[in-house]
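Need a 3D model of the following:
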Amino acid sequence: METKTCNESRVVKTNRIFPSDVNDHNTLFGGKLMSDIDMTASISATRHCRKAVVTASTDSVDFLAPISPKDSVCLESYVSWTGNSSMEVFVKVTAENLMTGERKIAATAFLTFVAMDEFGKPARVPKVLPETEEEKKLNETAAFRAEKRKEHRKQSKELASFFHTNRPWER
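Next comes the predicted model:
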């Protein structure tokens, strides 16, 4: 089975924060950041497997510090773990005050992508080889997160079975 390093799927994207990007608190709108996280992570997943990918889940997005218009925001993503056809992608969001140079971890996220073959069926993906301490820590703790994802997905399906598909006004 083919193996690739985390670095081979690494994507780095840096943006400025503009007035149209902020909320009522004058900080980066969470939905904008979440969109950028998904976009960046999808590139990492595609680089890793060189196949079409679909977002299976956004497992977690933790907003750790606000991002202001004085900051740039840097998203760094890479594949941190793989299953047979699934890939866990880690995204680290760093805010940098452009006037002082102060940097802080503003958010972290884990997303799961599935590689698809030309028929739209799940396709095997290369294993991942972590090299840095950060990559190794994420890889070592991935089995725990994968088990939590599996249980969460099961619970989500069970809960969904109680929902109706009628139009909202046709209770």
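
quick one, phi psi at the residue positioned nearest the centre of the chain?
Nearest residue to the geometric centre of the chain (Cα atoms, centre = their mean): residue 111, 3.6 Å. Here is the backbone geometry of residue 111 (degrees, to the nearest 10): phi -130, psi 150.

Mind pulling up the pLDDT for residue 105?
For residue 105, the pLDDT comes out at 98.

show me where pLDDT drops low in the protein?
Low-confidence regions of the chain, defined here as pLDDT under 70, do not occur.

Okay, strands next: where are they in it?
For the chain, applying DSSP state E gives strands covering 3-5, 11-16, 52-63, 71-82, 86-97, 103-116, 127-129.

would you list the ones you listed in JSON lines and tack on distance to residue 164?
To be clear about C-beta, it is placed using only N, CA and C from the backbone, and glycine gets the same treatment. Below are the strands of the chain laid out as JSON lines (distance: least, Cβ to Cβ, whole Å):
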{"stretch": "strand 3-5", "distance to residue 164": "44"}
{"stretch": "strand 11-16", "distance to residue 164": "40"}
{"stretch": "strand 52-63", "distance to residue 164": "23"}
{"stretch": "strand 71-82", "distance to residue 164": "37"}
{"stretch": "strand 86-97", "distance to residue 164": "30"}
{"stretch": "strand 103-116", "distance to residue 164": "28"}
{"stretch": "strand 127-129", "distance to residue 164": "41"}
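
Between these, which one is closest to residue 152.
strand 52-63 (8.0 Å; Cβ to Cβ).

do you know how far residue 50 is from residue 4?
Relative to residue 4, residue 50 is positioned 10 Å away (Cβ to Cβ, to the nearest Å).

repeat for residue 40
The value you get for residue 40 to residue 4, if Cβ to Cβ is used, is 18 Å.

Alright, I will stop here.
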